[in-house]
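Here you go, sequence then predicted model.
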Amino acid sequence: MKSSVIVFPGSNCDRDVAVALEKMQFKNQMVWHKETKLPQSDLIVVPGGFSYGDYLRSGAIAGKSLIIDEVIKAANSGCLILGICNGFQILTETGLLKGTLLRNKNLRFINKDIHIKVLNNDTKFTNKYNNEQILKINIAHNEGNYFTNSNHLEELKKEKLIAFKYCNETGDINDDSNPNGSLENIAGIFNSNKNILGMMPHPERMVDEVLSNKDGVNLFSSLLK
Amino acid sequence: MKITDKIVEKHGLKPEEFTNIKKLLKREPNFLELGIFSAMWNEHCSYKSSRIHLKKLPTKGKQVIQGPGENAGIIDIGDDDAIVFKIESHNHPSYIEPYQGAATGVGGILRDVFTMGARPIAILNSIHFGSPEHPKTKSLLNGVVSGIGGYGNCIGIPTIAGETKFNETYNENILVNAMAVGHAKKDKIFYSKAKGLNKSVVYVGSKTGRDGIHGASMASAEFDENSEEKKPTVQVGDPFTEKLLMEACLELMKDNSIISIQDMGAAGLTSSSVEMASKGSLGIELELDKVPCREENMTPYEMMLSESQERMLIILEDKKEKEAKKIFDKWDLDFVVIGKTTDTNNLTLKFNNKIEGEIPIEALASKAPIYDRKWIKKKPTKTKFELKNLKKIKIEDALIKILSSPNHSNKSWVTNQYDQMVMCNTVQKSGSDAAIVRIHNKDKAIAVSVDSSANYCKSFPLTGGKQIVCENWRNLISVGAKPLAITNCLNFGNPENQEIMGEFAECLEGIKESCNFLNYPVVSGNVSFYNGTNKKNIYPTPVIGGVGLIKTLSTPMSHKFKKENSTLILIGKTFGHLEQSCFLKENYSIIEGMPPEINLLNEKNNGESLLKLIDKNLILSAHDISSGGLITALSEMTFTSDFGAKIYKPKKLTNLFKYFFGEDQARYILEIKTQNLTKVEKILKESNIYYENIGFTQENYFEIEGELKINTKDLFKINNQWYNNY
Amino acid sequence: MKFSVTVTLKKDVLDPQGTVVQNTLVDMGMNNLKSIRQGKHFEIEVNENNQANAVKKVDEMCKKLLVNSIIEDYKINKI
Amino acid sequence: MKFSVTVTLKKDVLDPQGTVVQNTLVDMGMNNLKSIRQGKHFEIEVNENNQANAVKKVDEMCKKLLVNSIIEDYKINKI
Ligand SMILES: Nc1ncnc2c1ncn2[C@@H]1O[C@H](COP(=O)(O)OP(=O)(O)O)[C@@H](O)[C@H]1O
Ligand SMILES: [Mg+2]
């Protein structure tokens, strides 16, 4: 499997995700945002961080960069795209994913380990997980409060496009287990073709037992098939 | 413009100092030159009140690659790895504008570290606020914490350790100290010393604006028509640009085009250019019209004194300009040759081809004033209270009082606002005795911690100074790290006051003794005087930042109980020292007497023996005992653990309050697999260590035989309330 | 030619910032506060003397970058 | 009574956002752009019929919470 990680000025989880990909035996390349061609890849990762300092709206300016046109083309031809955290925000700004990410409800940056539930394991990204499986995973963001209109929300539900929801240790999905005010506790969504996944939690931070747990491993290994 | 006495005074220069300047120049300085003298000769840059005391600190050791005198200190951690670190204060700016003050504090210290060729891998902070009831405290706390997080999170370096304290002594003067730690290759370290004649001096980074032009510029405004327009402005941090600057510098450092490099910190262009020239015994000539400016019509005075952030000065090897510029272009940063090195030994400032100022470098650097200020020794104090005369309370209530107090409450409200995981090398986050960061791609790690004890230092500075170094050393030992070296940030009041100067001198003496004895040298640091208002100075608050090495990362040590039915051992002697204790302060508002004595021999022996036990894999968890005593430390070991503990009644010391709340030093609690007990005891006996078997771990409850029994989850809840209710 | 652009969240979009600010103000004793919404404000100067053209330029900036039309509305005013 | 409040950075205070936005717009081909500065905008409604009193209320909100007077200026307008 070949992967590409897009690097914007201000990306800061680019190395982290590259390390995780390489650990999972991806052949990875870093791609600078000013490039106009993408190397041939099976997976494109838009990493976390603060592209352009999160100025204006998080993800807005990166969404206008040269390389993004190529990412959109690749997405439309079925290439797998994974947006993590700021990457998710960028994908919503480009329109590849619908909805948007607003400020966290408490207006503070939040970094902690939280739990999410796998809602659909019948996708290229999640097939190594069980449905309803609870993962413990790290979040780190200012704007993770997912919002979309009611039509799209219906579509997300009907087409099983919600990838993960925030929950507590025992799997309850409610206001108390919602860290950032996200609509219906949504933590990650697919596009309608399910070749694009955007998620606020950081799977690349959960692949090394010395640091945390290995709950993120199956996300990458699902893709390897 | 005629330089009047008033102008001199507004520049913070004493009349004798001005006379001295005229002697050194052999003439009157002009306005620009006066501004430059005032920047270089102020306390912050010249260390004029502290230098003779700082000289006494031990700064050498096998592990030291670079001691004080550079942008940051450097130590050797084996293989080809070096750790670069330093702490710095940003107290006054943070009081005026907490978010930006704290943010730019972090930005500044990060530049000190990556200037030397190191990639920053951790940020620490020590923040001190006034009493929680003080009307300003809440917004200062909010602003400072989000400022520190805002900068570190955005640039993508984990903020992993620190301390947050409240004490009314900081009501009008908070402390915001930030420490940065970086990793470099030993053979790729960069220094600020200039070398060679006619080398290009290059300005890189953000443009220069009228930010933070010191009190000096207020003076200048008085003599200007548009004084309103020129009000000094607060420095605003731009972590995004700093990220670009960091990546660009680290990229340029991969080859060998840099002769020397220096960040523009306090006194910006002035201090960076003077420092480079002074260390290289050269002159430097700047063409100020080339300085990239953000605002129109900036004067040479403003350019030289601006404290705009995210800027660096580089001296380049010949013919390297084109390649270097390419890198900075790629990162969308300014790159302009603004001058050259010369053989004149002068700082020469040109503007529109006219020389606007010319000052011998040595007048600004080595000939800057040094003061041996008068100081008085602190006399030991006696306590007036007698324990038996105090109102009776229950142990349980006293413990709850401590665990729910602002200073001992769980700090996750703060630390959850910091990205602690970015860079994916954080092995242990905030909340433990020391944080642990792995060296990228290696099986080794460093442990880091910052510590201070203002109450101890106030009551008896000599002991206080000793104590903070020991406490910091203990924190590193507790996570299984070998302590290597420290950096220190010395926050004090007005040095012209003999008592304050005494606090300074004696704290430093204490620090020196501990560092010497523990082979724990000082490799960098910063002094912040004049903390306080009018006649009210802050408590002496030296802050120690320590770095230790963990050679292999098999199982990192933490203070969380790990198993049921393990044996608990207390090492170090308990005398029951309650003077200056948290117990008396929180329960009776008594802050009296002497701080606990430090016995360096025991300190060293206990610590080194514990390290041996950890290395032999005989310890399940370890925790040092500090403020709040044994009972507080034990409670902390139950937090987020599945286990509690049952503690026996003490056999020797009969007063339970003294035993459980006393703050005697050099003590640790160890959790040991019961089957390993004989092995552990053998080692402890061989090393002549005093120890006691104090109990064992159990499920769910924290219990003291016949005295108290609390569910550990409830205890943790108590510990978590304060911030959420504030 | 100089313009101001005001960008506000659409009515049906939740405004976490506005909500917190409103609650804080009420907590601080500002009881007369009925509602508060927060948005962005830009001051834009363009080199263009024909007003219609200038507005067109500014409008283009809004559409292409400054405004996320999924959640935001905007207004342009000459100043 | 309804007011709009515009909060802008003081002149001479660094505006990192504005700079990035400006560069991006220029990169996107908006060559006529001369300058852009970003600020905040609030729409505030207060229960108060006397305009002088209402303005006083809004001003108090600005001073106490909405505006950081060390780096920001503000303007209140009735709408
Ligand atoms: N308390 C201290 N202990 C040891 N060294 C110190 C202390 N204070 C300052 N120094 C050293 O003096 C030098 C100048 O400090 P400073 O002006 O703060 O550095 P910078 O110019 O990089 O901000 C540094 O090398 C610093 O490490
Ligand atoms: Mg420096």
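Alright, I've got the coordinates. Numbers count the residues shown, from 1 in each chain, chains lettered A, B, ... in the order given. Ligands and ions are numbered 1, 2, ... in the order given.

in a strand, that's where B:Leu618 is, yeah?
No: counting by DSSP: H, G, I helix; E, B strand; the rest coil, B:Leu618 is not found in a strand; it is coil.

how about B:Ser126, phi and psi?
Dihedral pair for B:Ser126: phi -120, psi 110, per degrees, to the nearest 10.

and it, how many neighbours?
25 (other CB atoms under 10 Å in any protein chain shown). Placement of C-beta: from N, CA and C, glycine included.

Which residue does chain C have closest to chain B?
Nearest residue of chain C to chain B: C:Thr24, at 10.9 Å (CB to the nearest CB).

what sits against that residue?
Residues counted as contacts of C:Thr24 (CB atoms under 8 Å, 6 or more residues apart in numbering or on different chains) are D:Leu65.

Now it: which helix or strand?
Element membership for C:Thr24, per DSSP states H and E: helix C:16-27.

Quick one: mean pLDDT over that helix.
For helix C:16-27, mean pLDDT is 87.

would you put the C-alpha positions of it in PDB?
Extracted as PDB, the C-alpha positions of helix C:16-27 are listed here (Å, rounded to 0.1, in the frame of the first residue of the first chain):
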ATOM      1  CA  PRO C  16     -21.200  28.100  21.000                       C
ATOM      2  CA  GLN C  17     -19.200  31.300  21.400                       C
ATOM      3  CA  GLY C  18     -22.200  33.600  21.500                       C
ATOM      4  CA  THR C  19     -23.900  31.300  24.000                       C
ATOM      5  CA  VAL C  20     -21.000  31.300  26.400                       C
ATOM      6  CA  VAL C  21     -20.500  35.100  26.100                       C
ATOM      7  CA  GLN C  22     -24.200  35.600  26.700                       C
ATOM      8  CA  ASN C  23     -24.200  33.400  29.800                       C
ATOM      9  CA  THR C  24     -21.100  35.100  31.100                       C
ATOM     10  CA  LEU C  25     -22.500  38.600  30.700                       C
ATOM     11  CA  VAL C  26     -25.700  37.600  32.500                       C
ATOM     12  CA  ASP C  27     -23.700  36.000  35.300                       C
END
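
Distance check, B:Cys249 against chain D.
19 Å (CB to the nearest CB, to the nearest Å).

what about B:Ser139, how many residues close to it?
Neighbours of B:Ser139 using other CB under 10 Å come to 12.

how about the strand ranked longest in chain C, does it reach chain B?
The longest strand of chain C (DSSP state E) is strand C:33-46. No: contact of strand C:33-46 with chain B (CB under 8 Å from any CB of the partner chain) is absent, the minimum separation being 14.8 Å.

With just CA atoms, put that strand into PDB.
Extracted C-alpha coordinates of strand C:33-46, given in PDB (Å, rounded to 0.1, in the frame of the first residue of the first chain):
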ATOM      1  CA  LEU C  33     -29.100  41.600  27.800                       C
ATOM      2  CA  LYS C  34     -31.600  40.000  25.500                       C
ATOM      3  CA  SER C  35     -29.400  38.400  23.000                       C
ATOM      4  CA  ILE C  36     -25.900  38.500  21.600                       C
ATOM      5  CA  ARG C  37     -24.400  36.900  18.500                       C
ATOM      6  CA  GLN C  38     -20.800  37.000  17.500                       C
ATOM      7  CA  GLY C  39     -19.400  37.300  14.000                       C
ATOM      8  CA  LYS C  40     -16.400  38.500  12.100                       C
ATOM      9  CA  HIS C  41     -15.600  41.800  10.700                       C
ATOM     10  CA  PHE C  42     -13.200  42.700   7.900                       C
ATOM     11  CA  GLU C  43     -12.000  46.000   6.700                       C
ATOM     12  CA  ILE C  44     -11.000  45.700   3.100                       C
ATOM     13  CA  GLU C  45      -9.400  48.200   0.900                       C
ATOM     14  CA  VAL C  46      -9.200  47.600  -2.900                       C
END
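
and that strand, is it in reach of chain D?
Yes: interface with chain D: strand C:33-46 contributes C:33-46 (CB under 8 Å from any CB).

by contact count, what packs against that strand?
strand C:2-9, helix C:16-27, helix C:51-61, strand D:2-9, strand D:33-46 (3 or more CB pairs under 8 Å, 6 or more residues apart in numbering or on different chains; DSSP states H and E).

mean pLDDT lowest for which of the ones you listed?
helix C:16-27 (a mean of 87).

Could you check how far it is from the centre of its chain?
Distance of helix C:16-27 from the chain centroid (CA atoms, centre = their mean, to the nearest Å) equals 18 Å.

Next, the buried residues of that helix.
C:Pro16, C:Gln17, C:Gly18, C:Thr19, C:Val20, C:Val21, C:Gln22, C:Thr24, C:Leu25 (16 or more other CB atoms under 10 Å in any protein chain shown).

Tell me what angle that helix forms with helix D:51-61.
Relative orientation of helix C:16-27 versus helix D:51-61 (axes from the mean of the first three to the mean of the last three CA atoms, to 10 degrees): 110 degrees.

Just the pLDDT at the residue of chain A found nearest chain D, thanks.
Chain D sits closest to A:Tyr55 of chain A, with a gap of 4.1 Å, by CB to the nearest CB. A:Tyr55 carries a pLDDT value of 93.

OK, contacts around residue 1?
Picking chain A for this. By CB under 8 Å, 6+ apart, the neighbours of A:Met1 are A:Gln25, A:Phe26, A:Lys27, A:Asp42, A:Leu43, A:Leu223, A:Leu224.

looking at chain C here, not the other one
C:Glu45, C:Val46, C:Glu48, C:Asn49, C:Gln51, C:Ala54, C:Lys78.

Go again with 10 Å.
C:Met1 is in contact with C:44-51, C:53-55, C:57-58, C:78-79, D:32, D:34, counting by CB atoms under 10 Å, 6 or more residues apart in numbering or on different chains.

Can you tell me which of those are classed as buried?
Buried among those (16+ other CB under 10 Å): C:Ile44, C:Glu45, C:Val46, C:Glu48, C:Ala54, C:Val55, C:Lys57, C:Val58, D:Asn32.

re earlier: compare the helices and strands packed on strand C:33-46 and report which one is nearest to ligand 2.
strand D:2-9 (27.6 Å; CB to the ion).

residues near residue 62, how many?
Looking at chain A here, since you left the chain open. The burial count for A:Ala62: 29, using other CB under 10 Å.

if you could check chain C rather than the one you did, that'd help
C:Cys62 has 19 nearby residues by other CB under 10 Å.

Got the confidence number for it?
Taking C:Cys62 on its own, its pLDDT is 95.

Excluding sequence neighbours, find me the nearest residue to C:Asp59.
The shortest distance from C:Asp59 to any non-neighbouring residue, by CB to CB, 6 or more residues apart in numbering or on different chains, is to C:Ile76 (6.4 Å).

roughly how far apart are the residue lying farthest from the centre of chain C and D:Lys64?
The centre of chain C is farthest from one residue, C:Gly29, which by CA atoms, centre = their mean lies 26.9 Å away. Taking CB to CB, to the nearest Å as the measure, C:Gly29 falls 9 Å from D:Lys64.

Next one: C:Thr8 relative to chain D, how far apart?
C:Thr8 is 7 Å from chain D, by CB to the nearest CB.

And the strands in the stretch 201-350 of chain B, which stretches?
Secondary structure of the stretch 201-350 of chain B (DSSP state E, counting those that start in this stretch): strands located at B:258-263, B:283-287, B:311-316, B:334-342, B:346-351.

hang on, I meant chain A
A:2-7, A:27-32, A:43-46, A:80-84, A:100-102, A:110-118, A:134-141, A:145-147, A:162-167, A:186-190, A:196-199.

mean confidence score for the fourth one?
Per-region confidence: strand A:80-84 scores 98 on mean pLDDT.

just how off-centre is stretch B:707-714 within its chain?
That offset, for stretch B:707-714, works out to 36 Å (CA atoms, centre = their mean).
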